[in-house]
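*Asks:* Here's a sequence, model it:
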Amino acid sequence: MAKKNPQPQPVALDFTQATLLAWHGQLGLLQLFETCNQLCAHQQSPLAAVLYQTWLKRNSTTHNHLALFNLGVILFNEGDLAAAGEVYSRAVRLDPSFLQPRFNLGLVYERQGHSDMATAQWLWIESHTSADEAEQRPLLLLALNNLGRHYEDKGRFAEALAALTKSLRIEPNQPDVIHHWVFLRAKQCLWPIYEPLPGLSEATMREYTSALAMVSISENPKEQLAAAQQYVRNKLNCDVQRLAPNKPYTHKKLRIAYCSSDFCLHPVAKLTVELFELHDREHFEVYGFDWSRDDGSALRQRVIAAMDHFERIHDLSDEAAAQLIRKHEIDILIDLQGQTLGARANMLAYRPAPIQITYLGLPATTGLPSIDYVIADRFLIPEEMAENYSETPLYMPDVYQVSDRQRQCAPIPSRKSCGLPADAFVFCSFNNNYKYNPEVFHAWMRILARSPNAVLWLLADNPWAQENLRAEAQAHGVESDRLIFAGRVSPESYLARFAVADLFLDSYPFNAGTTANDALWMGLPVLTRSGQTFASRMAGALLTAADLEELITFDVSSYEEKAVALAATAEKCNAMRQHLQQVRENGALFDTPRFVQNLEAEFKRLINETK
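*Replies:* Numbering: from 1, shown residues only. Sure, this is the predicted structure:
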């Protein structure tokens, strides 16, 4: 049998030769693609764009839409969104069924802030493709997943969940989609969180639950460690060169750096801003590495002013950002992110500092091999539980959480202005709604059933959670109007609300963190339940520092009994308010200068032990 002659492969030309041929209509499509691919491979994408543009002006074929698509990709990657959008639109006009430029056109519109125009492109793909068609299926999944991501970013949780549910019904094995799907259900208080889906077991859902979502779902520290380690295996590139030396540098002052995407109006910045301000400049030089949104808030301006050096790294790759940190010869790098939204774990993987610490961002173990220590106290992480952390606890003598004593409070509102009954006992819980779960919410309903003169004041986090919580209340025989929802307001007005309530009911296993700090600062007693995990011991750590251990319970029954008893004896809550006033003035909990001195002593100890 005679062998067939192999098809000749297109030969890449140099730019000048190819451009001349394109100008004269003599450059074939395959040769165009090969030459442009070679130019891009040699970091000459702008020349490839010029070649495509020349070819498109001088050649008219049935395949121009393919050249337009490739040109759009180059322009998009070069940051020319307007031009990319124009050529993608031309490609779609030439061939309306061409899915790739339509999908990318959605990305262009999204980057330009045109939300409805972006979703319109992806919705078109959803309605004009079939999962049964092998060529269409990948683009359909991409469109659905981008709809889910975009809707979630815009707070349109129900639409986001619907898009991701459809995606998972088509292809269940999508770890990233699963972890967003789980968290979206938690945000909306859609219980059970692990709703059955075809081809997806609860074990698989748990396996791909994000570390942050697992904090509110599981009270098992080993499960939280496993979730963090799963993230490391799936997402982190650990095979990178270490940048920093093993030992600290020898500058006159220790160089410490905080890095975060939350140097803005965010709970982490609210807690830490005075810490940055109070560092001893005689012995420490303080850096901030920032990739936060510039929200123009007064809090952000305080953070920036508190740093000796403030570097914006939002436009840098993880490697380039790590190189910049290394260039500044930072001795101790404190990551305020963990595995929360905006985390740059791959930047930390380069080890840009000899000592790397996690603090506040993720109330659980990060699982990151590049993190050496976690700032804690002995209530937060008992020594016998340290084995469940990839980091070594760095124990503070009083409390792990720093406070800002300069926080501003608006005038205290009246109960009437808050929509609260004047003579009721007001329980409140201003935690994000994803911290709620069936066990804690049902406990609250039993507390209300036994406290007929009480109402429960909650954060109006999103309308879907609000509707689901009201339905749950009615299912447990509690009138839905005994749940009163407070909308989001300015930080000063939010702080003032705590003075109106009688008792804060904490969530479990994900306690209040900054919220509990704010409540205690305003003199509002916090009733908590503590377990075995970091997140389930945060409020207990604060109450221990405030000498209010009587408000720490360790099982649901004791939690309920204490809440009902306090609602029946409001005088007890008033006495606790007076105690908290003394704590605010003289106690360890809010003694920020003392905290800073203790932390600096630990930093010096680490440096001396590493020399």
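
*Asks:* how about the lowest-mean-pLDDT helix or strand in the chain as PDB, C-alpha atoms only?
*Replies:* The weakest-scoring helix or strand in the chain, judged by mean pLDDT, DSSP states H and E, is helix 211-217 (a mean of 85). Coordinates of each C-alpha in helix 211-217 appear next as PDB, following Å, rounded to 0.1, in the frame of the first residue of the first chain:
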ATOM      1  CA  ALA A 211     -11.200  26.700  53.400                       C
ATOM      2  CA  LEU A 212     -13.300  29.800  54.200                       C
ATOM      3  CA  ALA A 213     -16.600  28.000  53.500                       C
ATOM      4  CA  MET A 214     -15.500  25.000  55.600                       C
ATOM      5  CA  VAL A 215     -15.000  27.300  58.600                       C
ATOM      6  CA  SER A 216     -18.700  27.900  58.900                       C
ATOM      7  CA  ILE A 217     -19.700  24.300  57.900                       C
END
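
*Asks:* Stretch 309-317: end-to-end distance?
*Replies:* From the first residue to the last, stretch 309-317 extends over 20 Å; the measure is C-alpha to C-alpha, to the nearest Å.

*Asks:* all strands for the stretch 501-611 of the chain, in order.
*Replies:* If you assign secondary structure with DSSP state E, counting those that start in this stretch, the strands in the stretch 501-611 of the chain sit at 503-505, 526-529, 552-553.

*Asks:* strands paired with the first one, and their directions?
*Replies:* Partner strands for strand 503-505, per DSSP bridges, with pairing direction: strand 425-429 (parallel), strand 526-529 (parallel).

*Asks:* Same check on the shortest one?
*Replies:* For strand 552-553, the paired strands and their directions (DSSP bridges) are strand 526-529 (parallel).

*Asks:* domain parsing for the protein?
*Replies:* Using automatic domain parsing, the domains assigned to the chain come out as 15-212+224-234, 254-395, 416-589.

*Asks:* Kindly reformat those as TSV containing distance to residue 403 and mean neighbour count.
*Replies:* Where C-beta positions appear, they are placed from N, C-alpha and C, glycine not excepted. As requested, these are arranged in TSV below (distance: least, C-beta to C-beta, whole Å; neighbours: other C-beta atoms under 10 Å):
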stretch	distance to residue 403	mean neighbour count
domain 15-212+224-234	23	18
domain 254-395	7	20
domain 416-589	6	19
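
*Asks:* between those domains, which gets nearest to residue 602?
*Replies:* With C-beta to C-beta, the closest approach to residue 602 among the domains of the chain belongs to domain 254-395: 5.6 Å.

*Asks:* ends of that closest one, how far apart?
*Replies:* From the first residue to the last, domain 254-395 extends over 20 Å; the measure is C-alpha to C-alpha.

*Asks:* Looking at this structure, which helix is longest?
*Replies:* Once the chain is assigned using DSSP state H, the helix that runs over the most residues is helix 592-610.

*Asks:* Any chance of JSON lines for the domains of the chain, columns distance to residue 407?
*Replies:* Output for those, formatted as JSON lines (distance: least, C-beta to C-beta, whole Å):
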{"stretch": "domain 15-212+224-234", "distance to residue 407": "25"}
{"stretch": "domain 254-395", "distance to residue 407": "7"}
{"stretch": "domain 416-589", "distance to residue 407": "7"}
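
*Asks:* So which of those is nearest residue 608?
*Replies:* Taking C-beta to C-beta, domain 254-395 is the member of the domains of the chain nearest to residue 608, at 10.5 Å.

*Asks:* Let me have the strands of the stretch 501-611 of the chain in CSV, extended by distance to residue 169.
*Replies:* Formatted as CSV, these follow (distance: least, C-beta to C-beta, whole Å):
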stretch, distance to residue 169
strand 503-505, 37
strand 526-529, 37
strand 552-553, 42
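
*Asks:* Just put these in a markdown table and tack on distance to residue 201 and mean pLDDT.
*Replies:* Below are those laid out as a markdown table (distance: least, C-beta to C-beta, whole Å; pLDDT from 0 to 100):
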| stretch | distance to residue 201 | mean pLDDT |
| --- | --- | --- |
| strand 503-505 | 34 | 98 |
| strand 526-529 | 30 | 98 |
| strand 552-553 | 34 | 98 |
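
*Asks:* which residues in the stretch 251-400 of the chain form strands?
*Replies:* Counting by DSSP E, counting those that start in this stretch, residue ranges of the strands within the stretch 251-400 of the chain are 254-260, 284-290, 309-312, 332-335, 355-358, 373-376, 392-395.

*Asks:* could you redo the ones you listed as TSV and give each row distance to residue 551 and mean pLDDT?
*Replies:* Formatted as TSV, those follow (distance: least, C-beta to C-beta, whole Å; pLDDT from 0 to 100):
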stretch	distance to residue 551	mean pLDDT
strand 254-260	31	98
strand 284-290	35	98
strand 309-312	39	98
strand 332-335	30	98
strand 355-358	28	98
strand 373-376	21	98
strand 392-395	23	98
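
*Asks:* a markdown table for those, including distance to residue 579?
*Replies:* Compiled in a markdown table, the strands of the stretch 251-400 of the chain are given as follows (distance: least, C-beta to C-beta, whole Å):
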| stretch | distance to residue 579 |
| --- | --- |
| strand 254-260 | 33 |
| strand 284-290 | 34 |
| strand 309-312 | 39 |
| strand 332-335 | 32 |
| strand 355-358 | 32 |
| strand 373-376 | 25 |
| strand 392-395 | 26 |
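
*Asks:* Lovely, talk soon.
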